[in-house]
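S.K.: sequence and predicted structure below; questions after.
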Amino acid sequence: MATTFSPISVFAARLMPKEQRFVSGHRACQGCAEALAVRMVHSILGRNTIVASATGCMEIISSSYPDTAWTVPWIHVAFENAAAVASGVEAGLSILMKKGKIPQRKIQVVGMGGDGGTADIGLQSLSGAMERGHDMIYICYDNEAYMNTGIQRSSSTPYGASTTTSPAGSLSIGQHTWKKNIPMIMAGHKIPYVATASPSYPFDLAQKVKKAAKVKGPAYLHIYACCPTGWRMKPDMAVQIGRLAVETGVFPLYEIEQGVLRITHKTPELRPLKEYTKHQGRFRHLDDATLEEIERRVLDEYRKLERREGLAL
Amino acid sequence: MKYQNPKPKWSELETGTAILTPGSARATHTGEWRSSRPVWNDEHCVQCGVCVIFCPEGCIAFQADGYPKADLDYCKGCGICVQECPTTSIAMQDEEE
Amino acid sequence: MERRIGMEASIAMAEAVGLCDADVVSAYPITPQTHIVEHLSELVANGELDANFVPVESEHSAMSVCCGSSAAGARTYTATSSQGLALMHEILFIAPALRLPIVMAVANRSLSGPISIWNDHSDIMAERDIGWIQVFVENAQEAIDLTIWSFRIAEDKRVSLPTIVNFDGFILSHMIEPVLMPDREQVQDFLPPFEPLQRLDIDNPVSMGPVGIPDVYTEAKYVQHKLLTDAYGPIVETFGELEKHFGRKYRPVETYRADDADVLLLTMGALGETAMTAVDERRKRGQKVGLIKLRLFRPFPYKDLLNAIGDKPVLGVMDRAVSFGGPVGPVASEVKAALFSARKHPLVPEFIVGLGGRDTSIADFHSIFDDLFEAAERDTTPDPRFVGLRE
């Protein structure tokens, strides 16, 4: 019962690299779109990649001793410092190459974290790493709450979502703050490349990952990562919900290249928000008035984005 | 491939408790979590590979005959492939059946 | 050839790092550490040190960058102090667990609150159990020598553990002293190129820092304990190498006029210099006082300490930090723990001195010696004393 259909994703599976860098046997939940996104990203980035991971779902599900899902060098130090660790790896590799101590070649350093590790506790170290201009990619896999610790709210949790620390109740609609806009905060760092992406749009994602890798200097990718467990929805909907997020305007796909914004998947007619929220238990408590309030805000934000297109930010 | 002992003596731990075998997670057969499995109807399948792309486990691959199948050692039975298949060639089947 | 020059201890330390050809220096400014990292960034800016200087936005990130660069196989250095060290706290435990031989200077300073930029040992005493090798130096020459040595011991393949050089903020870091500065060739002879035990290498991919399930965590912690304890052998051996190359002798525990002493006093860090002067004055009066200086703090040199104490009846311990509501003096508590298993042990009066930059004068040392003699005479241990406390 495919509610939406994206023809670009069809008949082209053979164009995606087959080699897995994030292998089967990882312990992510059923239908984890974050694991899907990680797998896609690293199939595209390939072998010459070093990953610094924040503490979080992707860290624990991929590295439970003695099992690692990684086939590229990977390091986990702590929660809030993946960007700093990645910048250190980059600083180390670049000087060792300069001094001729290791062979000169392109090695892509990638820092990664969830929305908590990026938008909350890791924001400072991320800001520092981006501002310093390291040649690295930082990827936020945004599943919109602290899923690893049991679905607590983060600053990336959307308005109205019920989580274990922003529960809906007789006096509360759940999360009562609006989702922090990390991609725009990153754009404010004037780094050469910022993009949002979603595993539901694999070719859009692939292009952005390639651009991020190609660019000299820091690149930031903000990847939508549906968490069926935390969003209380059927795991088989994990990819579809990503398309609905884009088509309702909740999670627009865009890139900011050298400061110029471009919406990469245009949605002139946004679908009704309910088509997105109705599948998710975290929004089930919301009344029509609140949903309309959210819808107005989503539309407003989307129109703002459209107006910014082509302008130098 | 040399897999590390999950219950090593202290003297058997690798430097800094690192894992030296890339992709050693393959030894974990997450397929055991599954309560239902995807079954392909090859008559309808057009080999587009959408299921291959969207499998979070990365466990669906084209077989020698050109048709995709899931490696049941790893398939957790999430059903994304069923939902995404544009020709509705995949169905979930309970493991008990 | 060595050069004899007058130099501020911080600058001397930075010069030593330059001679060691560090690859990455990552730091965040904090008083009184600033002169070290300012000078290092100058060395890099002028091409005298071919390194990446990573000027981070916090000490937490400084240590995180150090973990990343060391894991990439780069010789890595940082320096901090006080609140900065406290901010690093979380990451300090992880560097030795990953066997990353980072070298760090800590310009010892008090901890807030109230905020104080001045010297004591509160910062490092809060980091006793981080699993790093830790030494204390008491003058600029030692700062140079033990910085160079730190890279050697940290990177020793039998060890591969991060190492801290503690040096007192202001009272040492900002002192201009005559030093013998070795040349690059001498340092290269002493310090082999860094060959990491393992590194993030695309041709040999490892996963570093995985989840330690209950089945491995105990073993992993035991390995850390054993490595740090067993580092004692290589430490003494490389002190010997240091002496061979530079002619200056270092021991885990140093003594001064201790052999025939009636009472002993134990210090750590730069106060040792003043203490020696006070000991000399006392000796002139015919009173046999002696000094023990704890150079190596981790691994704790139990045997050397017990040998140095011998069968002396009184050992005063000077502490420059407070373990609130607990044993009062952290060093004293460790010393007493070391003595507990000895067949016979001395009285151990405790003295809290020089907190937050409070000057510790020769007169203070004399008042401490008075207490020690009194303790010996009465054969009782006085309560811990906050020296110079206004009551």
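M.R.: Structure received.
S.K.: now the most far-flung residue of chain B relative to its centre, what are its backbone angles?
M.R.: In chain B, B:Ser11 marks the outermost C-alpha relative to the chain mean, sitting 33.9 Å out by Cα atoms, centre = their mean. Per-residue torsions, B:Ser11: phi -70, psi -10 (degrees, to the nearest 10).
S.K.: the strands in chain B, which residues?
M.R.: Here chain B has its strands, by DSSP state E, at B:36-40, B:60-62, B:68-70, B:90-94.
S.K.: same deal with the stretch 151-300 of chain A?
M.R.: Taking DSSP state E, counting those that start in this stretch as the criterion, the stretch 151-300 of chain A carries its strands at A:168-169, A:172-173, A:193-197, A:219-224, A:254-257, A:260-263.
S.K.: now render the strands of chain B as CSV, adding distance to chain A.
M.R.: The C-beta positions use only the backbone N, C-alpha and C, and glycine is treated the same way. Conversion of those to CSV gives the following (distance: least, Cβ to the nearest Cβ, whole Å):
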stretch, distance to chain A
strand B:36-40, 10
strand B:60-62, 8
strand B:68-70, 8
strand B:90-94, 8
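S.K.: buried deepest among the ones you listed, which one?
M.R.: Highest mean neighbour count of the strands of chain B: strand B:68-70, a mean of 23 (counted as mean count of other Cβ atoms under 10 Å in any protein chain shown).
S.K.: that one pairs with which strands, parallel or anti?
M.R.: strand B:60-62 (antiparallel) (DSSP bridges).
S.K.: now for residue 21, how many residues are close by?
M.R.: In the absence of a named chain, chain A is used. Residues near A:Arg21, counting by other Cβ atoms under 10 Å in any protein chain shown, number 25.
S.K.: hm, I was asking about chain C
M.R.: C:Asp21 has 18 neighbouring residues, counting by other Cβ under 10 Å.
S.K.: list the contacts for it?
M.R.: The contact partners of C:Asp21, by Cβ atoms under 8 Å, 6 or more residues apart in numbering or on different chains, come to C:49-51, C:75.
S.K.: let's have the strands of chain B in TSV, adding mean pLDDT.
M.R.: Formatted as TSV, these follow (pLDDT from 0 to 100):
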stretch	mean pLDDT
strand B:36-40	97
strand B:60-62	96
strand B:68-70	97
strand B:90-94	98
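S.K.: out of those, flag the one nearest C:Ser70.
M.R.: Among the strands of chain B, strand B:60-62 comes nearest to C:Ser70, with 38.6 Å by Cβ to Cβ.
S.K.: could you list the low-pLDDT ranges of the chain?
M.R.: Going with chain A. A:1-15 (pLDDT under 70).
S.K.: chain B was what I was after
M.R.: For chain B, the stretches with pLDDT under 70 are B:1-2, B:97.
S.K.: neighbours of the nearest residue to C:Asp183 once chain neighbours are set aside, how many?
M.R.: With sequence-adjacent residues excluded and distances taken as Cβ to Cβ, 6 or more residues apart in numbering or on different chains, C:Asp183 is closest to C:Met1, at 5.7 Å. C:Met1: 8 surrounding residues under other Cβ under 10 Å.
S.K.: which SS class is C:Met1?
M.R.: Three-state call for C:Met1 (DSSP: H, G, I helix; E, B strand; the rest coil): coil.
S.K.: where does chain B come near chain C, residue by residue?
M.R.: Residues of chain B lying near chain C by Cβ under 8 Å from any Cβ of the partner chain: B:6-10, B:13, B:15-20, B:22.
S.K.: what's the end-to-end length of stretch A:230-250?
M.R.: End-to-end distance for stretch A:230-250, by Cα to Cα, to the nearest Å: 18 Å.
S.K.: so does it get close to chain B?
M.R.: Yes. Contact of stretch A:230-250 with chain B (Cβ under 8 Å from any Cβ) involves A:234-240.
S.K.: for C:Gln188, give its distance to chain A.
M.R.: C:Gln188 sits at a distance of 14 Å from chain A (criterion: Cβ to the nearest Cβ, to the nearest Å).
S.K.: for chain A, what is the nearest residue in chain B?
M.R.: B:Gly49 (2.3 Å; Cβ to the nearest Cβ).
S.K.: residues contacting the one residue in the stretch 151-300 of chain A that gets nearest to chain C?
M.R.: Nearest to chain C in the stretch 151-300 of chain A, going by Cβ to the nearest Cβ, is A:His189, at a distance of 12.0 Å. Shown in contact with A:His189 (Cβ under 8 Å, 6+ apart): A:127, A:130-131, A:218.
S.K.: in TSV: the residues you listed, plus neighbour count, distance to C:Asp364 and secondary structure.
M.R.: Formatted as TSV, those follow (neighbours: other Cβ atoms under 10 Å in any protein chain shown; distance: Cβ to Cβ, whole Å; DSSP: H, G, I helix; E, B strand; the rest coil):
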residue	neighbour count	distance to C:Asp364	secondary structure
A:Ser127	17	47	helix
A:Met130	25	51	helix
A:Glu131	13	47	helix
A:Pro218	29	53	coil
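S.K.: show me where chain B has its helices.
M.R.: Secondary structure of chain B, counting by DSSP state H: helices at B:50-54, B:80-84.
S.K.: hmm, stretch B:21-35 in reach of chain A?
M.R.: Yes. Using Cβ under 8 Å from any Cβ, stretch B:21-35 reaches chain A at B:21-30, B:33.
S.K.: re earlier: among the strands of chain B, which is nearest C:Arg257?
M.R.: Ranking those by proximity to C:Arg257 (Cβ to Cβ) places strand B:60-62 first, at 78.0 Å.
S.K.: give me the contacts around that closest one.
M.R.: If you take Cβ under 8 Å, 6+ apart as the criterion, strand B:60-62 is touched by A:18, B:47, B:49, B:51-52, B:68-71, B:75, B:81.
S.K.: list the contacts of A:Lys274.
M.R.: When contacts are counted by Cβ under 8 Å, 6+ apart, A:Lys274 is found next to A:Leu291.
S.K.: what of the one 10 residues further on?
M.R.: For A:Arg284, the set of contacting residues under the criterion of Cβ under 8 Å, 6+ apart consists of A:162, A:232.
S.K.: need the strands of the stretch 151-300 of chain A in TSV (columns: mean neighbour count and distance to C:Asp319).
M.R.: What follows is the strands of the stretch 151-300 of chain A, written out as TSV (neighbours: other Cβ atoms under 10 Å in any protein chain shown; distance: least, Cβ to Cβ, whole Å):
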stretch	mean neighbour count	distance to C:Asp319
strand A:168-169	14	52
strand A:172-173	16	51
strand A:193-197	27	52
strand A:219-224	27	48
strand A:254-257	20	56
strand A:260-263	16	60
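S.K.: okay, those in a markdown table with distance to A:Ile182 next?
M.R.: Listed next are the strands of the stretch 151-300 of chain A as a markdown table, based on distance: least, Cβ to Cβ, whole Å:
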| stretch | distance to A:Ile182 |
| --- | --- |
| strand A:168-169 | 25 |
| strand A:172-173 | 23 |
| strand A:193-197 | 9 |
| strand A:219-224 | 6 |
| strand A:254-257 | 12 |
| strand A:260-263 | 15 |
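S.K.: mind putting these into CSV with distance to chain B?
M.R.: Formatted as CSV, these follow (distance: least, Cβ to the nearest Cβ, whole Å):
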stretch, distance to chain B
strand A:168-169, 26
strand A:172-173, 30
strand A:193-197, 14
strand A:219-224, 14
strand A:254-257, 21
strand A:260-263, 23
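S.K.: just the helices in the chain please.
M.R.: All of this refers to chain A. Under DSSP H, chain A gives helices at A:33-45, A:57-62, A:82-98, A:115, A:123-131, A:182-187, A:202-214, A:228-231, A:238-247, A:274-277, A:288-308.
S.K.: ah, I was thinking of chain C
M.R.: For chain C, the helices defined by DSSP H occupy C:9-19, C:34-45, C:59-71, C:82-92, C:94-97, C:122-125, C:140-155, C:184-190, C:214-230, C:232-246, C:271-284, C:302-309, C:330-340, C:362-378.
S.K.: among the ones you listed, which is nearest A:Arg307?
M.R.: Taking Cβ to Cβ, helix C:59-71 is the member of the helices of chain C nearest to A:Arg307, at 36.0 Å.
S.K.: check whether that closest one comes near chain B.
M.R.: No. Between helix C:59-71 and chain B, judged by Cβ under 8 Å from any Cβ, nothing touches; the nearest distance is 9.0 Å.
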